[in-house]
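Novice: Got a predicted model here, sequence first, then my questions.
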Amino acid sequence: MVVDTYTSQLPELVINQIFSHLSTKSAIRASILSKEWASVCFSVLILDIDEDEGKKQIADHRDRRRKFLKFLSNCLKSREKEKYLEKFRLRMSYFGGDCAINKSLSFALERNVKELDICFKRENEVRKGRYYCLQQTALNNAKSLTILKLENLKIEEDSIDTISLTSLKTLSLKAVKFMTTTGFSRLYSGCPSIEYLSLTSCHGWDVRLSSSGLKHLEILCCEIKLKVEATNLESFKFRGDNGLRHHIIDMRNFYIASCQTLRSLEFSHAHFAIGWFKGLDSRFPLLERLVLHTCFSYSGIINIFSQHLKSFVFQECGNILSNFSMTAPNLSEATITIEERRDYDRLRYFLGNFDCSKKIRLHVNETEVCIFPEEMRKKYSPPLPSLKHLEVEIDTFTTVVTHSALMDSLRWMAPSLEFLSINRIHYMYDSRIS
């Protein structure tokens, strides 16, 4: 076979890398390609098992569940002689049956697994109130763990024993519940080496993070109180709930002012208190990247001064557009998304904040957003007189006449352009301007 000839020529290291990115079921299927692949398949110390894989092939739920549990059991048996596991990933629906789950977790932890990823899917409305309960004692001495990812489960704490995850570098919790209000704090305090922390859809916690090792923090769709005193934190990403404005989470509940090593700040669906951006440069003197996506301000005013800011992303931030000012002398790139046609005078003033940028990416939903009225062009100076590089992306189709008006407007808006790119549906214009 041609396939056999090709695969036999691949170095073992390459085949090993391929298998490390495959699920266990896919790896078993791929192992039939050649003897070399079959040999490597069982040498890769990874178990990646997903109940949904092949789900459409079996219509009956009970039959599908029975076959999945049998497959899970067979996978564990095939690795019984192994003393170590690099990674154990299990994704399945929870309908009870804790015995098989407990056995799987014990199997992985007994083999000093380095990466543990457990996800229980929430599909059935009737059973959404049921959670698998992970006993803290199962994690108490998992000293080999470097990555721990848990989703849709409860953790039952032990009031006597303490958690000791001394090697853990990455902790990701999504829709995880604790039996007590101090549950998360106890877990986090047992992770002295943690560098990356991600919390998603976790509610009601009072989180205080004081660590010199924490470098990256994500808070996504959580209703919690947060105080961060991580002296070496480099990036903070925050996302409130998607949807209506009243779902946007108030940033007054999040204190991160002491993190002077921050280089990247990213906010989505956030509501800022009056003066939150005041003194940004002194609070975050190393800040290089700032993202504002669907954000609001109580005052409607945001004034940003940042000496070292290199990258800025702005996407449809409601009442901020008309009362926004930025001074960032070292800005290299600004990415701006405007989804509605607004007052052109305010837009001209807003764009003027980014004339110092070396490159601007402007994304609009319709061409008319970028076409300033001819009367305005005659009366006022352009907002971007020094800009050399502009990339425009438009979501809708435009006519030849509209394109001509757009080009006239862009030439006025940024008269010093050396490079202009316009990308839109059914049309691409890319040119260096002499």
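Specialist: That came through fine.
Novice: Confirm F88 sits in a strand?
Specialist: Yes - membership of F88 in a strand is supported by DSSP: H, G, I helix; E, B strand; the rest coil.
Novice: Measure how buried it is and give me the count.
Specialist: 25 (other C-beta atoms under 10 Å). Just so you know, the C-beta spots here come from the backbone N, C-alpha and C atoms, and that holds for glycine as well.
Novice: From Y131, how far off is F296?
Specialist: Distance from F296 to Y131, counting by C-beta to C-beta, to the nearest Å: 34 Å.
Novice: Can you pull the poorly scored residue ranges out of the stretch 201-350 of the chain?
Specialist: 242-253, 257, 318-321, 341-342 (pLDDT under 70).
Novice: now with 80?
Specialist: Residues of the stretch 201-350 of the chain that meet the criterion pLDDT under 80 lie in 241-255, 257-258, 298-300, 316-322, 339-342.
Novice: The nearest residue to E82 once chain neighbours are set aside and L286, how far apart?
Specialist: Leaving aside its sequence neighbours, E82 sits nearest to R111 (C-beta to C-beta, 6 or more residues apart in numbering; 6.0 Å). Distance, R111 to L286, by C-beta to C-beta: 41 Å.
Novice: the more surrounded of those two?
Specialist: Taking neighbours as other C-beta under 10 Å, R111 and L286 compare with R111 leading, 19 against 15.
Novice: I'd say the more buried one and L85 touch.
Specialist: Yes - using C-beta atoms under 8 Å, R111 is in contact with L85, at 4.4 Å.
Novice: Parallel or antiparallel, which strands does the one helix or strand A334 maps to pair with?
Specialist: Here A334 sits within strand 333-338, counting by DSSP states H and E. Partners of strand 333-338 in the sheet, by DSSP bridges, are strand 311-315 (parallel), strand 359-364 (parallel).
Novice: List the buried residues in the helix or strand following the longest one.
Specialist: Tracing the chain past strand 359-364, the next element assigned as helix or strand by DSSP H and E is helix 374-379. Neighbour-count burial for helix 374-379 flags R377 (criterion: 16 or more other C-beta atoms under 10 Å).
Novice: what's the spacing between helix 374-379 and its chain's center?
Specialist: Mean-position distance between helix 374-379 and its chain equals 43 Å (C-alpha atoms, centre = their mean, to the nearest Å).
Novice: same thing with stretch 288-300?
Specialist: That offset, for stretch 288-300, works out to 17 Å (C-alpha atoms, centre = their mean).
Novice: What distance do you get for K358 to I336?
Specialist: 14 Å.
Novice: Settle it for me: which of those two has more neighbours?
Specialist: A count of neighbours by other C-beta under 10 Å puts I336 above the other of K358 and I336, at 20 against 14.
Novice: my read: that one touches N353, true?
Specialist: No - taking contacts as C-beta under 8 Å, I336 lies outside contact range of N353: 9.8 Å.
Novice: In contact with the nearest residue to S164 once chain neighbours are set aside: list those residues for me.
Specialist: Distances taken as C-beta to C-beta, 6+ apart put G190 closest to S164, at 5.4 Å, once the chain neighbours are dropped. Residues near G190 by C-beta atoms under 8 Å, 6 or more residues apart in numbering: T162, I163, S164, L165.
Novice: What backbone torsions are found at G190?
Specialist: Phi and psi for G190, reported as degrees, to the nearest 10, are phi -90, psi 10.
Novice: Let's have the strands paired with strand 333-338 in TSV, adding mean neighbour count and distance to M376.
Specialist: Below are the strands paired with strand 333-338 laid out as TSV (neighbours: other C-beta atoms under 10 Å; distance: least, C-beta to C-beta, whole Å):
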stretch	mean neighbour count	distance to M376
strand 311-315	19	22
strand 359-364	20	17
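Novice: now those as CSV including distance to A414?
Specialist: Output for those, formatted as CSV (distance: least, C-beta to C-beta, whole Å):
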stretch, distance to A414
strand 311-315, 17
strand 359-364, 8
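Novice: thinking again about what came up before, mutual contacts of R111 and L85, please.
Specialist: R79.
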